[in-house]
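*Asks:* Next come a sequence and a model predicted from it.
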Amino acid sequence: MPGWKKNIPACLQPDQEGGDIKDLFDTKLKPGHAAAFSTDCDLPSTHEMVGSIGMQTTYMGFLDYRKQEVRDLGINPRECSFNPGVFVADISEWKKQKITKQLEKWMEENFRQNIYSSAMAGGVATPPMLIVFHDKYTTLDPLWHVRHLGWSPNARYADSFLQEALLLHWNGPFKPWSYPAVHLDLWERWFVPDPSRRFSLVRPKSES
């Protein structure tokens, strides 16, 4: 049964009338697929954001094609990548295919051979996922993963586009609980203050 695999604090559903998390949970994966992702080449608005912040959208941005082991994979370096910040996994199929062991193999290989790109556009979790799931994943509706909100304190999506989004992801260093960051008003709608008061939002001091 497919299930919600990853939900980090920098993700949220933008509006109560937007995406129902149950719809994501109920995503139907193709036979033999252990996971579903949205690709990095899926929406024009995402293309514009990626271009403005200099992000990569292809395998070349994550793997070092100077290494023979990477070239031996036979993956076109210009092929569109995907972002694993949000995905749906069929746990039974995941275990059947020993996906975790496959991922660990490529993580260990990177430790030995340094096969990840020096211009890597994301965290170290992405390259092994790109390798293991190449041509073996179901495509998610891209509105379930509107991302790159945390890569620049200045680059913003159009409000009209964000109203269509089903889930927002502040991937990158500019998190919405800190400052500066973009689209803070959307994130703060869902912020629940820490009852222990050990965590507080970072916001600019208002001018007196």
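*Replies:* Yep, that arrived. Numbering: from 1, shown residues only.

*Asks:* Would you indicate which residues of stretch 187-199 are buried?
*Replies:* For stretch 187-199, burial by neighbour count (16 or more other Cβ atoms under 10 Å) applies to Trp187. To be clear about C-beta, it is placed using only N, CA and C from the backbone, and glycine gets the same treatment.

*Asks:* and the end-to-end length of it?
*Replies:* Chord length of stretch 187-199, first to last residue, is 16 Å (Cα to Cα, to the nearest Å).

*Asks:* ok, now stretch 56-67?
*Replies:* Distance between the boundary residues of stretch 56-67 (Cα to Cα) amounts to 19 Å.

*Asks:* just the helices in this structure please.
*Replies:* In the chain, the helices defined using DSSP state H lie at 21-25, 44-53, 68-71, 91-96, 99-113, 126-132, 159-164, 184-188.

*Asks:* got the buried residues for the shortest one?
*Replies:* For helix 68-71, a neighbour-count test (16+ other Cβ under 10 Å) marks Val70 as buried.

*Asks:* Next, the residues that contact that helix from outside, please.
*Replies:* Helix 68-71 is contacted from outside by 63-65, 109, 113, 115, using Cβ atoms under 8 Å, 6 or more residues apart in numbering.

*Asks:* Buried ones only from those, please, as a ChimeraX command.
*Replies:* Here is the ChimeraX command that selects only those of these that count as buried (16+ other Cβ under 10 Å):
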select :63,64,109,115
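
*Asks:* what's the most distant pair in the contacts of helix 68-71?
*Replies:* Within those, two members stand farthest from each other by Cβ to Cβ: Tyr65 and Glu109, at 14.9 Å.

*Asks:* Determine which stretch of the helices of the chain is the most buried.
*Replies:* Each of the helices of the chain was given a mean neighbour count from mean count of other Cβ atoms under 10 Å, and the largest, a mean of 22, is that of helix 126-132.

*Asks:* Distance from the chain centre to it, please.
*Replies:* Centroid displacement of helix 126-132 relative to its chain, using Cα atoms, centre = their mean, to the nearest Å, is 12 Å.

*Asks:* Begin at 5 from now on, thanks
*Replies:* With 5 as the first residue, the last one maps to helix 130-136.

*Asks:* Report the central residue of this structure.
*Replies:* Gly89 (2.9 Å; Cα atoms, centre = their mean).

*Asks:* Put together JSON lines for the helices of the chain, with distance to Asn175 and mean pLDDT on each row.
*Replies:* Rendered in JSON lines, the data for the helices of the chain read as follows (distance: least, Cβ to Cβ, whole Å; pLDDT from 0 to 100):
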{"stretch": "helix 25-29", "distance to Asn175": "17", "mean pLDDT": "92"}
{"stretch": "helix 48-57", "distance to Asn175": "11", "mean pLDDT": "65"}
{"stretch": "helix 72-75", "distance to Asn175": "24", "mean pLDDT": "96"}
{"stretch": "helix 95-100", "distance to Asn175": "23", "mean pLDDT": "98"}
{"stretch": "helix 103-117", "distance to Asn175": "19", "mean pLDDT": "95"}
{"stretch": "helix 130-136", "distance to Asn175": "10", "mean pLDDT": "95"}
{"stretch": "helix 163-168", "distance to Asn175": "15", "mean pLDDT": "89"}
{"stretch": "helix 188-192", "distance to Asn175": "13", "mean pLDDT": "92"}
